[in-house]
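> task: produce atomic coordinates for the following.
(chains A, B and C)
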Amino acid sequence: MKDLADEYYIRKIESFVSENKRIDGRAQFDFREIKYKLDYIRNAEGSCYLELGNTKVIAGIKIEAEEPLESSEEGNLITNVELLPLASSEYEAGPPTPEAIELSRVIDRAIRSAKIIDSSNLLLEDNKVYSLYADIDVINFDGNIFDAGVMALLLALKNTRIPKYENGEIIRNEIVGKLNIKGNVLSTTFVKINKTLLLDPNALEELAASTRLTIATDGDRIRAMQKGLSGSLTIREIENMIDISLEKYKDLSKIIDINKD
Amino acid sequence: MREIVLPGDIVIVDEVNRDILYKDRDNLYATVISLYDPATKTIVPLEQIWKPRVEEKVVGIVQELSRKGYIIWLHPLYKGVLRINKELKTGDAVYAEIKAINGGVIDLKLIRELSNYSIIKIKSTRIPRVIGKNSSMINQIKELSKSDIVVGMNGVIAVRGPNTEKVFSVLRLIEKEAHKTGLTEKVSKMLNE
Amino acid sequence: MHNGSVELLKDGLRLDGRKPDELREISIKAGVIDNADGSAYLEWGNNRVLAAVYGPKEVIPKHDSDPNKAIVKALYTMSPFSSLEGHGRTTSRRAVEISKVTKEVFENVILTNKFPETEIDIYIQILQADGGTRAAGITAAAVALANAGIPMKDLVYGVSAGKVGDTVIIDLNMLEDNYSDADMPVVVSPRSKEILLLQMDGNLTKEEFKKAIDMILDAGKIISKKQREALIELYK
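The predicted structure follows:
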C-alpha cells in the first residue's frame, strides 16, 4: 500500500481528513472488514488467522508445564507480538523493538485484566502449572495491530485444546479438554489526525497520526487503555471514544461470533 | 505465439538485453519473468527493477531541502537532487528529467511542478503500455477522463482531474493486464461508465 | 539395519501411505504479501511456509555495502507455535545455520552484479513445520524472488532424500526425519543440474547417494512445475 514517499501520504491523509473523508472510503468510526480462520496452525494447541483489512496476523498458543511465574498460582500467560520483517519494509530483523514490546504488553493486559482465562484448570500440582505461550505473528502490516492482535488471540484462546499432563510431562497427542474461557474482551484503537478521531487506523493513517488510544472493554467495563504517540487528547475526546468503544464491542462480538458458548 | 518465460528458460533473441538475459556457454536464458515471442525473436520483461537512466523523464516527490538542494523521492531505492532557487513544498510532486548520474547522485532538471496532483506508483515495466503506441493509450485516458496525467518512467504517475480514483483503477488494470489483448477497449469501457 | 524405534516402511509403503519415491502434496501461491516486493506462500504436506523479498534496497548499515554487487541477506525463522512439540523460544543455532546456507544458495543464482551498493533481503517464515522446512523455504523463496523481478540464473528448488533401512526415500516428513537412517536436503539449479546446497547426516553408500540424487532430480520436475504454475498464474 505504501509505495511512495511518506511526505506525500501524510499530506494526502491530512487533506482527506480535512474533508471529513478517509482514504479507503470508510466512515470515521468504521472498522475494516474482518475475516478469520480458526485452527489455522494444526501443530499449535490453539490458533487463529485473522485479517483486519490488509493487516494479517496469526495467533498461536503452545502449552507447557512449568513453575508458576512470580506470585501467581494461576497458570502462566506469556504474550508476545512478533513484527515479522517479511510483513513490512519498516520492520527489521533483530531483538524486539519498543513498538513490538508495547504491542505485546497492551494485548497481554487486555486479556489478563478481563480475567477471561479460568485459571483453576491450569493448576497441575505443587509448583507446576500450565503455561500458555501466546504468540502473535504479524504477516502483513496495514495498521492497527492492537485490535487485530486482541481479536486473534481471544479467538485462539477460545479454541485451545489442553494436552494431558503426566509424571511431570506434557503428552501432546492426548487432549484432556478445552481451555475454559469465560467472558470476552475486545479492543478498539483510535488515532487523532489534526483534530479528527478515526477508528481502526490503516498504516497510512497511523503514519499521519499525532496520537493513538487503545481501549479494551468487556462490553460493560473498560479493561485496559493505552495512549500512544506524542500528541494529546482532551477528556471529552476520551469519553467520546469510550462510548464508541462500548458500542463497537457489540458489532465486533457479532462479527467474530464470540457469544455462542 | 507469445509465451511467458521464467528465470533459467532458454531463449533465442536478436537483440541481447543484458539487463534481463544471462549468457551461459552459447545459450541465452531469461533471468526475470518475461514475455517471449520465438517467431519474432523478441523478449519483453514483465517484472524488472527500475534503474535510472540519463535523459529519462520521471515523476518525483519533494522530501526535504538539504544543503545539496531538494531531495526528490523517485523510487524506494533512488532519490534525486534538484538544485533550484524556487521554494518547493514537501509532499508535492515534480516532473523532472535525469540530467546526470554521478557516483550514486541523480541530478535532476525541473520540467514542471505538479502541485495538488494525486500520485500512484505502478510497475515501471508497465509504463510503455500506459503510454501506448504513439501515445494512443495515454491520450485516450486523458481525453475520456478529462484529466491531466503526467507519466514518469520510474513508474510514478501524477493525475489531476474530476475523478482521479477512476483513473487510478484504469492504471491498475493496465498494470495487471499489460500483456493481454483488448486492453484499449476495456479501458475505454471503464472510462465511459 | 534400522536404528529407530518406529517402523517407517510397511509392505513397501510409508506411514503416510506414500511410496518411497513419492512427494507430499505441494501447492504454491505467489504474490501473497502486499507490502513485499515479492512473496510466496507454500504448503508442502503439513509444512506451511511464507517467503518474502524486499529489495534491492539501500544497504543498512551503509559500510556493509559492496561497490560491485548487491549483498544478499537471508533469514529463516520458525514461528514459536510451528512445531508439534513445545514452544520455540529463541533464535536457534539451527536457524542461523539454515539462514547462512540459504543466503549462499541465492548469492549464486541472483545476478548481484546488476545492483551494486544495494541489499536484497529474503525472509523465510515457517508457520507450521513437518520435516523438510529448509527445502520448502528455499523453494518458496525462489518463487518470491522471481515475483519481485530480481534477475536470477535459474529458478531453484529444494527437496530432501533419505533412507529407511535399505530403502532410499524422497521428501522425509518430521517423523521419518527423526527415525530415518539418513537425511540429505539438497537444492538444485534445474537448468544446469548443479547442486547449490547439500547437507547430509546418517549413513549412505555411494550407490544410495546416486539413487537419492536421481530421486531428487525426478521429484524436482514436479516441484519446478508447481513453482512455474504459481508464477504464471499471476498473468492469467
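> would you work out how far apart the start and end of stretch A:21-35 are?
End-to-end distance for stretch A:21-35: 24 Å, by Cα to Cα, to the nearest Å.
> flag every buried residue along that stretch.
A:R22, A:I23, A:R26, A:F29, A:F31, A:R32, A:I34 (16 or more other Cβ atoms under 10 Å in any protein chain shown). For glycine as for every other residue, the C-beta is placed from the backbone atoms N, C-alpha and C.
> try stretch B:49-65
Residues of stretch B:49-65 classed as buried: B:I49, B:W50, B:K51, B:P52, B:V58, B:V59, B:G60, B:I61, B:V62, B:Q63 (neighbour count, 16+ other Cβ under 10 Å).
> from those, pick the one nearest chain A.
B:I61 (4.2 Å; Cβ to the nearest Cβ).
> what's the helix or strand for that closest one?
Assigned by DSSP states H and E, B:I61 belongs to strand B:57-66.
> so A:G177 touches A:I162, yeah?
Yes - using Cβ atoms under 8 Å, A:G177 is in contact with A:I162, at 5.3 Å.
> give the residues shared as contacts by those two.
Residues touching both A:G177 and A:I162 (Cβ atoms under 8 Å, 6 or more residues apart in numbering or on different chains) are A:N121.
> the two: which has the busier surroundings?
A:I162 (20 against 11; other Cβ atoms under 10 Å in any protein chain shown).
> what about the residue of chain B most remote from its centre, distance to C:R191?
Centroid-distance maximum for chain B: B:R25 at 33.3 Å, with Cα atoms, centre = their mean. Between B:R25 and C:R191 the distance is 12 Å, computed by Cβ to Cβ, to the nearest Å.
> same question for A:L154.
In terms of Cβ to Cβ, A:L154 sits 49 Å off from C:R191.
> with A:L198 instead?
To C:R191, A:L198 is 51 Å away according to Cβ to Cβ.
> more neighbours: which of the two?
Just comparing A:L198 and C:R191: by other Cβ under 10 Å the higher neighbour count belongs to A:L198, 24 against 20.
> give the contact list for the more buried one.
Each residue near A:L198 by Cβ under 8 Å, 6+ apart is listed here: A:V17, A:R22, A:Q28, A:F29, A:F190, A:V191, A:K192, A:E205, A:A209.
> out of those residues, which comes closest to chain B?
A:R22 (13.0 Å).
> OK, now which residue of chain C is nearest to chain B?
Closest point on chain C to chain B, by Cβ to the nearest Cβ, is C:G149, at 3.1 Å.
> can you tell if the longest helix anywhere in chain B touches chain A?
When chain B is scanned for its longest helix (criterion: DSSP state H), the result is helix B:164-177. No - using Cβ under 8 Å from any Cβ of the partner chain, helix B:164-177 stays clear of chain A, coming no nearer than 9.0 Å.
> just the CA coordinates for that helix, please, in PDB.
Output in PDB follows, covering the C-alpha atoms of helix B:164-177 (Å, rounded to 0.1, in the frame of the first residue of the first chain):
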ATOM      1  CA  THR B 164      -8.600  10.600 -10.000                       C
ATOM      2  CA  GLU B 165      -9.800   7.400  -8.400                       C
ATOM      3  CA  LYS B 166     -11.300   6.200 -11.700                       C
ATOM      4  CA  VAL B 167      -8.000   7.000 -13.500                       C
ATOM      5  CA  PHE B 168      -6.200   5.100 -10.800                       C
ATOM      6  CA  SER B 169      -8.300   2.000 -11.300                       C
ATOM      7  CA  VAL B 170      -7.600   2.200 -15.100                       C
ATOM      8  CA  LEU B 171      -3.900   2.400 -14.400                       C
ATOM      9  CA  ARG B 172      -4.100  -0.500 -12.000                       C
ATOM     10  CA  LEU B 173      -5.900  -2.500 -14.700                       C
ATOM     11  CA  ILE B 174      -3.200  -1.800 -17.200                       C
ATOM     12  CA  GLU B 175      -0.500  -2.800 -14.700                       C
ATOM     13  CA  LYS B 176      -2.300  -6.100 -14.100                       C
ATOM     14  CA  GLU B 177      -3.200  -6.900 -17.700                       C
END
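> got the buried residues for the helix or strand following that helix?
Reading on from helix B:164-177 to the C-terminus, the next helix or strand found by DSSP H and E is helix B:183-192. For helix B:183-192, burial by neighbour count (16+ other Cβ under 10 Å) applies to B:L183, B:V187, B:S188, B:M190, B:L191.
> which neighbouring elements make contact with helix B:183-192?
Judged by 3 or more Cβ pairs under 8 Å, 6 or more residues apart in numbering or on different chains; DSSP states H and E, helix B:183-192 is in contact with helix B:136-145, helix B:164-177.
> centre of the chain to the last one, how far?
In other words, helix B:164-177. With Cα atoms, centre = their mean, to the nearest Å as the basis, helix B:164-177 stands 13 Å off its chain's centre.
> read off the pLDDT value for the residue in the stretch 151-261 of chain A positioned nearest to chain B.
Here the residue of the stretch 151-261 of chain A nearest chain B is A:A208; by Cβ to the nearest Cβ that distance is 10.9 Å. Turning to A:A208, the model gives it a pLDDT of 96.
> coming back round to it: of the contacts of A:L198, which pair is most distant in space?
Spanning the widest gap among these are A:F29 and A:A209, at 15.2 Å by Cβ to Cβ.
> residues of chain C that sit close to chain A?
C:33-36, C:39, C:46, C:48, C:50-52, C:54, C:57, C:60, C:75, C:77, C:79-87, C:121, C:123, C:125, C:127-130.
> which residue ranges of chain C form helices?
Using DSSP H, helices in chain C cover C:93-109, C:133-148, C:174-179, C:206-232.
> now swap in the stretch 51-200 of chain A and tell me
Along the stretch 51-200 of chain A, counting by DSSP state H, counting those that start in this stretch, helices occupy A:98-113, A:145-158.
> alpha carbons only: can I get the last one in PDB?
Put plainly, it is helix A:145-158. In PDB, the C-alpha atoms belonging to helix A:145-158 read as follows (Å, rounded to 0.1, in the frame of the first residue of the first chain):
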ATOM      1  CA  ILE A 145      -2.100  -4.500  15.200                       C
ATOM      2  CA  PHE A 146      -3.600  -3.800  18.600                       C
ATOM      3  CA  ASP A 147      -7.200  -4.700  17.700                       C
ATOM      4  CA  ALA A 148      -6.300  -7.400  15.200                       C
ATOM      5  CA  GLY A 149      -4.000  -9.000  17.900                       C
ATOM      6  CA  VAL A 150      -6.600  -8.900  20.700                       C
ATOM      7  CA  MET A 151      -9.200 -10.500  18.400                       C
ATOM      8  CA  ALA A 152      -6.900 -13.200  17.000                       C
ATOM      9  CA  LEU A 153      -5.600 -14.000  20.500                       C
ATOM     10  CA  LEU A 154      -9.100 -14.200  22.000                       C
ATOM     11  CA  LEU A 155     -10.300 -16.500  19.200                       C
ATOM     12  CA  ALA A 156      -7.200 -18.700  19.500                       C
ATOM     13  CA  LEU A 157      -7.600 -19.000  23.300                       C
ATOM     14  CA  LYS A 158     -11.300 -19.900  22.900                       C
END
